[in-house]
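In: need coordinates for the below:
(2 chains)
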Amino acid sequence: MTAALETSALGKRFRRGWAVRDCTLSIPEQAIVGLAGPNGAGKSTLLALAVALLAPTEGSITVLGRDPWREPEALEEIGYVAQDSPLYRSFTVGETLDYARRMNARWDATIATRSLPELPSRRRVSALSAGERARLALAVALGKRPRLLLLDEPFARLDPKAGREFLQMLMDGVAETGATVVVASHVVADLERIADHIVLLSDGRVRLEGHVEELLTSHRLLTGAGRPLGRIRGVEEIVRERHSGRQMTLLARVSTPVVDPTWSIDKIGLEELLLAYMAPERLPKRSTDEKRRLRWHG
Amino acid sequence: MAWVTWRQNRIQLLACGTVLMAIALLALATGPAIRDAFQQQQLATCLPPASRSGCEIIVRHFQSEHATLPLVARYLVFVPALIAVFVGAPLLARELEHGTYRLAWTQGVTRRRWLLSQTLLLVAATVVGALALSAIVMWWRLPFDRLEGRMSPNRFEIEGVVVPAYALFALALGVFSGALLKRTVPAMTAALAAFVAVRLAVANFLRPHYLPPERDTAVGLTPSAHAHDWMLSNRLVDAVGRQISASRENLAIEHAQNARIDAQEYLLSLGWRRAVSFQPADRFWTFQAIEAAIFVGLAAAIILVTLRLVQRTPA
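Out: Residues are numbered from 1 along each chain as shown, chains lettered A, B, ... in the order given. Sure thing, here's the model as predicted:
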């Protein structure tokens, strides 16, 4: 099975520094992936690399089996909605869909228009609400019958109601097209509602990648009295260690259920899990070698 | 793609069409009267070389009667450049400024095809518009051209095939600076500045040398024989051909006035003559072709560079 999106040691450097570095990941087809990470983690850069708005500085990126920079034809099968859903403000809704039709050989008008039943086609884009604009931009992307749909912070400007409508339209569209979806957002709660896979980016690197269910079952919170830590049966790795008074809380990656009466064991939510993996103590320290290399590049 | 190009540029294109229509209407409103006057005053019989007596007065009368409009028409030299800059600079700058390139460049139509078809359609519109403008001006200026010729810069630059060539160059500069500066107003300003600089440089430093200028030494002090030619230099020389400085000339005139002699006759009696170098009027189309080729060539080079820039450098 080919991956819908695959990167290998991908790096993108801007003048101010690396936005994505040493990024290797593989997104299977049909997955709905939440691309999580704080602002400035490299999420937008990664998506822009996937649609060849940017060219990689190092490494490679393959989208639906093709290098988007060398073979721009790959874009025919990719629906991309950039941050803030850019559309031509002077166009009407109808003209926007007409524009999309003429710009895409694979255009499917029924998918695009079905999802916008109440938007009058004469209305100007500049007169639309943020939610309507977001849905129109999504309709343009869905009308391509994409095999891969990339959405950059689609919920950022939407109120809860508009967010729900957008989500509904997205799920219907995905069901109809069978597209693989990558949604980038810094709000974990938004991703939790849709994603079955999570890719966590921080400082341009992949910190965590996996199936949401598996991630949640393989991590546990262990609370107990503070003590020097030895091996705990069933624990693969201690992700985070927190002390409060005499209490100590561990976030642990576990392989088998932990059976140890000295610890009370709890499940963990996705948001807390991702936060733990983003924490600064998890970031690899820069070696002196790397520092020198960075200076070398100016 | 034609619809897309039209939809995205229709305001500029309609504005250009309106300007062109207004110029055409003005030409139609004023042109026939000038032609009638030309006919009635039998100016055709005064055209060199055959000039009948009294022509000097007739021509001067005609010229003073119709002095303002040709002066106004000179400003048409800016029109194709302005139009092209207003159409060219926003093409990419607008997309980059408003972020809509992220929509336009991620559709099924590749970035290369998108830019190529937009540019080529605008090039076609510009060339057609500028040719129309040039044709209107040539029709309107015909009586004046027959009297004064069209070789000197302020006529040469608003007639013939250089008009579309300038417009094309301005369009290319506009598109290029839009891609480079990524903001509309700075792109327009930069394109206009670059356009004026290149145009002036070519007109002042290259055009006089497209072909070696011809020289003539006239015994009479008024070189009216070269009324249709483009004068490059006009100097007073002595009998052996050395140039006479302005201060010496003034001194001589003063001397003649003090002695109550006619200044002209006095200078002639000294053996002083006018030496002129000029580009003859019959080189008009040769020069037009050379200058048009220069600007079309520059425009093509700039468009190719822009294509590379947009295709290769990521946004």
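In: so how far is A:Arg220 from A:Pro228?
Out: The gap separating A:Pro228 from A:Arg220 is 20 Å, by CB to CB, to the nearest Å. Yep, even glycine has a C-beta here, placed from its N, CA and C like the rest.
In: so for those two, which residue has more residues nearby?
Out: Using other CB atoms under 10 Å in any protein chain shown as the criterion, A:Pro228 and A:Arg220 rank with A:Arg220 on top: 20 against 4.
In: confidence score at B:Leu147?
Out: B:Leu147 is assigned 80 on the pLDDT scale.
In: ok, now which ones touch it?
Out: Contacts here follow CB atoms under 8 Å, 6 or more residues apart in numbering or on different chains; on that basis B:Leu147 touches B:Leu43, B:Cys46, B:Leu47, B:Val59, B:Phe62, B:Gln63.
In: thinking the fourth one is in contact with B:Ala44, fair?
Out: Which is B:Val59. No. With contacts counted by CB atoms under 8 Å, B:Val59 stays clear of B:Ala44, the gap being 11.4 Å.
In: between the two, which one's more packed in?
Out: Neighbours per residue (other CB under 10 Å) separate B:Val59 from B:Ala44, with B:Val59 holding more: 18 against 12.
In: how about the more buried one: what's its closest non-neighbour residue?
Out: The shortest distance from B:Val59 to any non-neighbouring residue, by CB to CB, 6 or more residues apart in numbering or on different chains, is to B:Cys46 (5.6 Å).
In: count of residues packed around A:Arg15?
Out: By other CB under 10 Å, 5 other residues sit near A:Arg15.
In: quick one, what contacts it?
Out: So A:Arg15 contacts nothing (CB under 8 Å, 6+ apart).
In: quick check: it vs A:Thr57, distance?
Out: Relative to A:Thr57, and taking CB to CB, A:Arg15 is found at 12 Å.
In: tell me which of the contacts of B:Leu147 is nearest to chain A?
Out: If you rank these by distance to chain A using CB to the nearest CB, B:Gln63 comes first, at 48.8 Å.
In: phi, psi of the residue nearest to that closest one when sequence neighbours are not counted?
Out: Nearest residue to B:Gln63 in three dimensions, chain neighbours excluded: B:Leu147, at 7.2 Å (CB to CB, 6+ apart). Per-residue torsions, B:Leu147: phi -80, psi -40 (degrees, to the nearest 10).
In: could you chop the chain up by domain?
Out: Using chain A. Following automatic domain parsing, chain A resolves into domains at A:3-211, A:218-267.
In: wait, I meant chain B there
Out: With automatic domain parsing as the reference, chain B has domains B:2-212+B:284-312, B:230-279.
In: what helix or strand is A:Ser85 located in?
Out: When elements are defined using DSSP states H and E, A:Ser85 is found to belong to no helix and no strand.
In: tell me the secondary structure at A:Asp260.
Out: When classified by DSSP: H, G, I helix; E, B strand; the rest coil, A:Asp260 comes out as coil.
In: pop out the phi and psi values for it.
Out: Torsion angles, degrees, to the nearest 10, at A:Asp260: phi -150, psi 110.
In: need the residues of chain A near chain B, please.
Out: Proximity of chain A to chain B, by CB under 8 Å from any CB of the partner chain, involves residues A:48, A:51-55, A:72-73, A:75-76, A:78, A:80, A:82, A:84, A:86-89, A:91, A:95, A:98-100, A:102-107, A:137, A:140, A:144.
In: out of these, which are buried?
Out: Among the residues of chain A next to chain B, those classed as buried by 16 or more other CB atoms under 10 Å in any protein chain shown are A:48, A:51-54, A:72, A:75-76, A:78, A:80, A:82, A:84, A:86-88, A:91, A:95, A:98-100, A:102-104, A:107, A:137, A:140, A:144.
In: so of those, which ones are in helices?
Out: A:Ala48, A:Glu95, A:Asp98, A:Tyr99, A:Ala100, A:Arg102, A:Met103, A:Ala137, A:Val140 (DSSP state H).
In: between those, which is nearest chain B?
Out: For those, the nearest to chain B is A:Met103 (3.8 Å; CB to the nearest CB).
In: doesn't B:Gln107 make contact with that closest one?
Out: Yes. Assessed by CB under 8 Å, A:Met103 is found in contact with B:Gln107 at 3.8 Å.
In: now list whatever residues contact both of the two.
Out: The overlap between the contact sets of A:Met103 and B:Gln107 (CB under 8 Å, 6+ apart) consists of B:Trp114.
In: pLDDT weak spots in the stretch 151-300 of chain B?
Out: By pLDDT under 70, the low-scoring segments of the stretch 151-300 of chain B are B:219-225.
In: what does the pLDDT read for B:Thr313?
Out: pLDDT for B:Thr313: 63.
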